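Participant: Structure of the sequence below:
(one chain, ligands or ions: 1)
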Amino acid sequence: MKSTPDTIEQLHLLLNILQNVDVGLVVLDRDCKVQLWNRFMENHSNTRARKVIGKDLFECFPELPGEWLKSKVDSVFVLNNRAFTTWKQRPYLLKFSNYRPITSQVEWMYQNLSLFPLQAVDGSIAQVCMIITDVTESALDDIALQALNDELDLLSKTDGLTRLLNRRSWEAEVEKEFLRFARSGRASSLVMLDIDHFKRVNDTYGHQAGDEVIRQISATIRKTQRDTDISGRYGGEEFGVILVESDAEGASYFCERLRAAVEDLHIVSGEHEIHCTISLGISEISQEMTLYRQWVEQSDQALYLSKESGRNQYNVYRG
Ligand SMILES: Nc1nc2c(ncn2[C@@H]2O[C@H](COP(=O)(O)OP(=O)(O)OP(=O)(O)O)[C@@H](O)[C@H]2O)c(=O)[nH]1
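Facilitator: Now for the predicted structure:
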């Protein structure tokens, strides 16, 4: 092609655009040697083009995810196809500082990366172009929205007074554990518990004091259970705990510890100090059960037995 003043002017214009466009532009040859490094890249990497042009990109920036990026570049060469990755897969390629005050919650820039093959005049693919886009603002919006959704999700699953799972989501966990048992055969136990003579607490000290009792007993359940156990507020003053992979004997130890811990609580509400006890019922999961509701019902029956036998105790369902 013959260069005329017009084509030179056009080339000059194009180069100007490439240099000043607000995205990172990098061109690599088949040996990953840098052929183009635009101003965006210079400014954010603090590395002048003359320091990297003609050099191996990975030697210039050893902090790059070498294996991953090389395989991306190779696939563009081999398949003669575009490749694209978002900040969700990899937050950034090079850790550029985030300079925008509006997105100052993070120190570095979230980036999307796009790669495409560059055709030479003879049609061969000798180079790959990488485009790095600053997506910090939309990434932060996305992250904030996700956090809000997670919070809403948590709120919809938990009980406002106790922060334990609400009945609906706790029962869903019971069902999950029931189905898991059908596959694994490893026993778990269900504990239902209820505060003794709770109506009297409300009648004597008022509803607010009753709420405080419910809160503190819930906190005691949470402290007494293992991380893998799942507790929920089943009703007003009734709770359920799934003791994952505990048989009835293991559940008995848990119940006795919880019973004693609640008995020892000194619950203060206004000028009152309130003492409470709980009754508990245990049911170990069994092959005979066909529905998860049977598991809950059996624990409830064992709880009823504890109430009938004088309260402040636990019983195991015996069939
Ligand atoms: N303060 C408060 N009270 C509640 C809440 N939910 C249920 N209650 C009360 O809990 C009481 C439960 O009373 P009952 O079912 O008669 O049982 P109980 O007095 O605990 O007696 P037993 O279970 O037989 O030992 C009722 O008075 C309900 O109004 C709540 O969120 N806060």
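Participant: and stretch 194-210, is it in reach of the ligand?
Facilitator: Yes: Stretch 194-210 is in contact with the ligand by Cβ under 6 Å from any ligand atom, via 194-199, 202, 207, 210. All C-beta spots, glycine's among them, are computed from the backbone N, C-alpha and C.
Participant: And stretch 312-319, by the same measure?
Facilitator: No: Stretch 312-319 lies apart from the ligand when judged by Cβ under 6 Å from any ligand atom; the minimum separation is 9.7 Å.
Participant: can you redo the residues of stretch 194-210 next to the ligand as TSV with pLDDT?
Facilitator: TSV is the format used below for these (pLDDT from 0 to 100):
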residue	pLDDT
D194	98
I195	98
D196	98
H197	97
F198	97
K199	97
N202	95
H207	95
G210	96
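Participant: Please indicate which of those residues are buried?
Facilitator: 194-196, 198, 202, 210 (16 or more other Cβ atoms under 10 Å).
Participant: Show residues contacting the helix or strand containing L14.
Facilitator: Per DSSP states H and E: L14 is located in helix 5-20. With Cβ atoms under 8 Å, 6 or more residues apart in numbering as the contact definition, helix 5-20 has outside contacts at 1, 25, 36, 38-39.
Participant: so what secondary structure elements neighbour the helix of greatest length in the chain?
Facilitator: Taking DSSP state H as the criterion, the chain has its longest helix at helix 136-157. Helices and strands touching helix 136-157, by 3 or more Cβ pairs under 8 Å, 6 or more residues apart in numbering; DSSP states H and E: there are none.
Participant: Can I get it as CSV, trimmed to CA atoms?
Facilitator: What follows is helix 136-157, C-alpha atoms only, in CSV (Å, rounded to 0.1, in the frame of the first residue of the first chain):
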residue,chain,number,x,y,z
THR,A,136,-15.3,-0.2,39.2
GLU,A,137,-18.5,1.8,39.5
SER,A,138,-20.9,-0.8,38.1
ALA,A,139,-19.0,-3.6,40.0
LEU,A,140,-19.5,-1.7,43.3
ASP,A,141,-23.2,-1.1,42.5
ASP,A,142,-23.5,-4.8,41.8
ILE,A,143,-21.7,-5.7,45.0
ALA,A,144,-23.9,-3.3,47.1
LEU,A,145,-27.1,-4.7,45.5
GLN,A,146,-25.9,-8.3,46.2
ALA,A,147,-25.2,-7.4,49.8
LEU,A,148,-28.7,-5.9,50.1
ASN,A,149,-30.3,-9.0,48.5
ASP,A,150,-28.4,-11.2,50.9
GLU,A,151,-29.6,-9.1,53.8
LEU,A,152,-33.2,-9.3,52.6
ASP,A,153,-32.9,-13.0,52.1
LEU,A,154,-31.6,-13.3,55.6
LEU,A,155,-34.4,-11.2,57.0
SER,A,156,-37.0,-13.3,55.2
LYS,A,157,-35.6,-16.4,56.7
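Participant: what mean pLDDT does that helix have?
Facilitator: Model confidence over helix 136-157, given as mean pLDDT, is 94.
Participant: buried set for that helix?
Facilitator: Judged by neighbour count (16+ other Cβ under 10 Å), helix 136-157 contains these buried residues: 136, 139-140, 157.
Participant: what ranges do the helices span in the stretch 1-150 of the chain?
Facilitator: For the stretch 1-150 of the chain, applying DSSP state H, counting those that start in this stretch gives helices covering 5-20, 39-45, 49-52, 57-60, 66-79, 136-157.
Participant: Please produce TSV containing those helices, extended by distance to the ligand.
Facilitator: Output for the helices of the stretch 1-150 of the chain, formatted as TSV (distance: least, Cβ to the nearest ligand atom, whole Å):
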stretch	distance to the ligand
helix 5-20	64
helix 39-45	56
helix 49-52	66
helix 57-60	62
helix 66-79	53
helix 136-157	17
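Participant: In CSV, list those helices along with distance to S286.
Facilitator: Shown next, in CSV, are these (distance: least, Cβ to Cβ, whole Å):
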stretch, distance to S286
helix 5-20, 72
helix 39-45, 63
helix 49-52, 69
helix 57-60, 60
helix 66-79, 50
helix 136-157, 28
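Participant: what about those helices, which gets the closest to E256?
Facilitator: helix 136-157 (29.4 Å; Cβ to Cβ).
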